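Novice: no FASTA, just this:
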Ligand SMILES: Nc1ncnc2c1ncn2[C@@H]1O[C@H](COP(=O)(O)OP(=O)(O)OP(=O)(O)O)[C@@H](O)[C@H]1O
Ligand SMILES: Nc1ncnc2c1ncn2[C@@H]1O[C@H](COP(=O)(O)OP(=O)(O)OP(=O)(O)O)[C@@H](O)[C@H]1O
Ligand SMILES: Cc1ncc(C[n+]2csc(CCO)c2C)c(N)n1
Ligand SMILES: [Mg+2]
Ligand SMILES: [Mg+2]
């Protein structure tokens, strides 16, 4: 409750700043429109106005302020413009429509989920290998870290083309890119988790003369579950980013990434912002869902406090 | 039916109306073809896709195709639905540019990713350096939209007659606020939107046969689109999965595109080809291609398709 | 070798190689423990008590000397599951109930389902935890958790019980109580027990023999046979015999401490 | 109010509001501590020993009754830096050397550079840690760390020393040693000491008065004046007087425990 | 086909050497710790080379490492220029600005429980905005040069750094804070003498995460508009020119720079948090 109030306050503050920021951000564009509409603008031409500060322009052309919140293609759309666009494109459209963000969200989500599953499985397998084999640990781990310094957006088109060339098209290339981003947090978290049992716990199993497999299933795996969930939450957010990045070089056919890009082609800032928020909301939902699962699983395991 | 995959150079829009019309109107089906159209985008290099086997035939601009050929990827032009170039430089009229000689000292937005070749050739012929400075131009890698011009981050930007120019006008700018330089008018036009295939594939008779049928149906689509621009725009709109295109914009684009396809029956005019090669070879220090290519085009397909 | 001898160390050495040079954790340790003995190890921190217990359990490999457990090498004894080990912290798995924690060694050793249930019931009773089998560890007090961990070590048929400061983390009153129970348990099961502690009263109260150790290098400085009867009520601790033994232990400790 | 009284609690209550309802940590606690007293608090876990000490230190606010420290409210006393507090864990900052850890309160209280150096030297000597000032905490044994933390509490001029199980985590031998040193220190500095412990021998050995507490609700059940002389060699613990006092404390504890 | 077989053979032998090294007696020595990943990396490169040649993979799809190396050697000047533009001007300045701002904000947030409750959830939400969406907007706002790249980096590193710093500042134990209380220490005394040093491991965690984010952010932002230099610019334009060797040369630069940057911060961490158990080994 207290948190809710705090969040509300912060959001309200951001909104206020946002609305105020719209004025100087959009004033140049608004004045150009006003000038074309025949209004008296000081100074009169766009060229003269170019080198004048936004604040100075606002003070001299106070009448134009309301228009900065209602532009068609603003530099910074006002919050209500984004909200309306979001509302229109999610709830006011058939979800099968190409103009529905639900439809695009779904396209992205399916690639995200597939990539997330691939990345998670791969990450877990790699972590198991790293924990159980010194060679894997020493040779693969440093390169896994290096792999994260490579900008995915540079690799994405190549991944797509290579997959094309072996006949893989559709959702899978996107999922592969999304998996590439999500596997790393899973590896790191899982390695940490599988190594989290302390010496005493491992010694206990030794006194039972337990095999490696028994140690894995009875001790290492259960102790790693909290770590796994922590990294899954990071991983799914990364997955979503991966799916969106993957949508750019697949012909930007559909999905939130395509929506972002299409908005970009036509300078539809409101549409960009709406897609952006849709992506963030989707990420929040996914992370929240995992958090919920975490609570349930940990509680059932008896580990939750 | 025989499968054909077509990789476009850009996203779904009326620029590729002919192919969508052919698909929608069943022209491909009539030829016994099962055509898949793959939209492109800023990160997609069609030659790369075709080299990887992701497509059978691509829509590409000739400078990029010839450059790829020199890089060891033997692309061959099999048809040229676009007769003339739609590329131009659009500048604010109030920045003091009246002729190309006025460019130095200004900031120009240019498309890269293989689309910079015509621009670089042009600057070369004008003798204007592109590294900035007093008597050179400052070049920006222009993004996907016309914002740099509207926000006055650049004095000129690259536009296509059929797309970005329209967007500039859509944003409320009037034509007399602008001054435009068409590459056609400057004598540095290069061929755009041709159909290219891999040279090695052309040796295969079955492939040739498929391409003949493909080109025939595509050209039929183009003619249909020229005659029914509004309907064609509607078809394009139906195929746009992003849902971001507006009808008005696509209708206008279809009209502008018709001007560029007019005069081509689909076969490449060797004279246009020669002019393109000459323009590209004119590049001084860093030419797009270093020598006149051989076997970069063929009439085999278009002859068979159109007669 | 007599039938009675369970653990026999002769000239045992263990040196750890560390970044700061070698650490002599055990040096020339000689000791025999007979069947049914309750032997406590006492000594200042770092004198090698834990290390010695771990050598017996084959969790550490001696670098010199000889060590036999039930006539076998420690590792053979470990594979034969000859002992149960209780650590300072209970170390119960939080995701298993008490009953399933106790089942853990039984599962690993491949006992049958029915046998598992039976044994869990028995040891829960033995440590006075009937009715708590379905609880999770964190629902129990520290003392109860430690009892559960002892039950876990008792569940399978090992006749040696090694305990490394099992009650170190508990408060005095709970500790007294557990000491009493441990003695009863020992009487009932007749196991051989090796027990590490820091507390003189605890060592004296519980043991038949008290091994006093001293550090740098870790070695045995004194072995004190307890004259106390096997039957020991809690207030035996106020008897002169008890105080006498305690005094001897303290003296032994101080001697080791001063020259250490 | 006599000049001699340092701490005076009358009818002190403290109730924590928790999710599971109120917890009566302290109920009707009455106690006066005179200047120079060494008062130990003993009792089972959860009886409010820590809470009482924290009230004195103004780390906890009583919900009823009255508490005076040096004639001031606890918070005024805190601001006047009237006491040093030693916690169960040494709690030294790992990023500071021992000397700089001891300097910490001095820096905060604005002592001069020279004074700081001087005091650090003095207290290091007092706790027998000369030469270790440049070491980091983790390079020292637990006992040495605890001595350093005592030194930290002694470095500034507080005449009250509050210690909450300062030796709880140490082994018996080290603990004996520190107990001896603490007594000497007390004799030399004439501080008033409030000392929480779980160990009966420790309480009896150190204190002039032993406060026995009992839980639910936390209250004082017995206050035992020690008949032992102020001068106490370690083996005073084997004298009949000592055993007699220890016995009384144990009885007091058991009584509180049984009806608790 | 021969080459492919040879590649498989090479892979197996590389793995075998590493196994011997990693499980040998010298496994913990510095040399082996360095050699094993190096051998692994070299094996991957060699296998890549052999496969590309053996399977005749077109140059425009995947160039062989040798070609990339040649391109790298021939273009050091250009690569250096791109590196300066993207890494030094864009990534580094954004990194310093973003981390600095996050640190100051963290202090603010830390002083007020209300702000912490309010800002962190919102922060998490904002951090989830995909960079491919924010980058074009920031390019539109801050222009084509490095300033917009720095802005993208600021946005990317701000929240990870903030979250870590806030977590670090609340990392002290009750006992440590009580100790300060018994000294009647002021807020800033407690901050500088206790909470800041205690937060260092967390702060460095944030700084380390931010290194890779910074470089990637600056490169990605260049895809959405840039002057005619920079690593992102080169990558995107080279793809269009089918100069894949150049693309990979830039990727090598990115990986090198990212790894070195990370390593430098990790080194600083060792110095600043020498006392932390994780650093004491
Ligand atoms: N794995 C190890 N590596 C290096 N040195 C070790 C290791 N284990 C123990 N030691 C050292 O060996 C010596 C004996 O340690 P040990 O744990 O056996 O002492 P202890 O008597 O059990 O002490 P405590 O009462 O503190 O538990 C100590 O100096 C310790 O630091
Ligand atoms: N901050 C708190 N909030 C709620 N309950 C508390 C708090 N601090 C202590 N308690 C409760 O108050 C009671 C007294 O606690 P206190 O810590 O004073 O006991 P103690 O005698 O010091 O015990 P121990 O010997 O375990 O240290 C306990 O029941 C404890 O759970
Ligand atoms: C990154 C990138 N930027 C611009 C173009 C140029 N371009 C070629 S066709 C076309 C469609 C016209 O609207 C455009 C914009 C490109 N191909 N890739
Ligand atoms: Mg030990
Ligand atoms: Mg306490």
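Specialist: Yes, it's here. These figures come from a predicted structure and were not determined experimentally. Residues are numbered from 1 along each chain as shown, chains lettered A, B, ... in the order given. Ligands and ions are numbered 1, 2, ... in the order given.
Novice: ok, and what's touching stretch A:218-236?
Specialist: For stretch A:218-236, contacts defined as CB atoms under 8 Å, 6 or more residues apart in numbering or on different chains pick out A:112, A:116, A:119-120, A:123-124, A:131, A:182-183, A:185-186, A:188-190, A:192-194, A:196-197, A:201-202, A:205, A:210, A:283, A:286-287, A:290-291, A:293-294, A:297-298, A:301, A:303, C:93, C:95, C:104, C:107-108. C-beta coordinates here come from the backbone N, C-alpha and C atoms, glycine included.
Novice: let me see the domain layout of the chain.
Specialist: In the absence of a named chain, this looks at chain A. Per the record's domain assignment (the TED database), chain A is made up of the domains A:1-76, A:101-301.
Novice: the intended chain is chain C.
Specialist: C:1-45+C:62-80, C:90-169+C:181-191.
Novice: list the buried residues in the helix or strand containing residue A:141.
Specialist: Here residue A:141 is covered by helix A:134-147, with elements defined by DSSP states H and E. By neighbour count, with 16 or more other CB atoms under 10 Å in any protein chain shown as the criterion, the buried positions of helix A:134-147 are A:134-142, A:144-146.
Novice: and the closest residue to ligand 3 within the stretch 101-250 of chain C, what's its pLDDT?
Specialist: In the stretch 101-250 of chain C, no residue comes nearer to ligand 3 than residue C:138, which is 58.3 Å away by CB to the nearest ligand atom. As predicted, residue C:138 sits at a pLDDT of 86.
Novice: again with the one 3 residues further on
Specialist: According to the model's per-residue confidence, residue C:141 sits at a pLDDT of 84.
Novice: quick one: contacts for it?
Specialist: With contacts defined as CB under 8 Å, 6+ apart, residue C:141 is in contact with residue C:174.
Novice: ok so, going back, among the contacts of stretch A:218-236, the buried ones, what's the PyMOL command?
Specialist: In PyMOL, a selection of the buried entries from these looks like this (16+ other CB under 10 Å):
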select buried, (chain A and resi 112+116+119+120+123+124+131+182+183+185+186+188+189+190+192+193+194+197+201+205+210+283+286+287+290+294+297+298+301+303) or (chain C and resi 93+95+104+107+108)
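Novice: distance check, the closest residue to residue E:126 other than its chain neighbours against residue C:41.
Specialist: In space, residue E:126 comes closest to residue E:159 once its chain neighbours are excluded; the distance is 6.4 Å by CB to CB, 6 or more residues apart in numbering or on different chains. Going from residue E:159 to residue C:41 by CB to CB, to the nearest Å gives 54 Å.
Novice: could you do residue B:118 as well?
Specialist: Distance from residue B:118 to residue C:41, by CB to CB: 88 Å.
Novice: who has more neighbours out of the two?
Specialist: In this view residue B:118 and residue C:41 are compared by other CB atoms under 10 Å in any protein chain shown, and residue B:118 has more residues nearby, 29 against 26.
Novice: what about the more buried one, which helix or strand?
Specialist: When secondary structure is defined by DSSP H and E, residue B:118 falls within helix B:117-126.
Novice: any idea how far the helix or strand that that helix is followed by is from the middle of the chain?
Specialist: Once the chain leaves helix B:117-126, the next helix or strand it forms, by DSSP H and E, is strand B:138-141. On the basis of CA atoms, centre = their mean, to the nearest Å, strand B:138-141 sits 21 Å off its chain's mean C-alpha point.
Novice: kindly report the same for stretch E:26-46.
Specialist: Centroid separation between stretch E:26-46 and its chain, computed with CA atoms, centre = their mean, is 22 Å.
Novice: downstream of the strand or helix carrying residue B:271, the next helix or strand is which one?
Specialist: The secondary structure element spanning residue B:271 is helix B:270-281 (assigned by DSSP H and E). Where DSSP H and E defines the elements, the next helix or strand beyond helix B:270-281 is helix B:300-306.
Novice: as a whole number, average confidence for that following helix?
Specialist: In this model, helix B:300-306 has a mean pLDDT of 88.
Novice: check stretch C:94-114 too.
Specialist: This predicted structure assigns stretch C:94-114 an average pLDDT of 92.
Novice: find me the pLDDT at the residue nearest to residue A:24 when sequence neighbours are not counted, would you?
Specialist: Spatially, and ignoring its direct neighbours in sequence, residue A:24 is nearest to residue A:54 (3.5 Å; CB to CB, 6+ apart). Reading off the per-residue confidence, residue A:54 sits at a pLDDT of 83.
Novice: residues near residue A:54, how many?
Specialist: Other residues lying near residue A:54 total 14 when counted by other CB under 10 Å.
Novice: ok, it - contacts?
Specialist: Residues counted as contacts of residue A:54 (CB under 8 Å, 6+ apart) are A:23-25, A:27-28.
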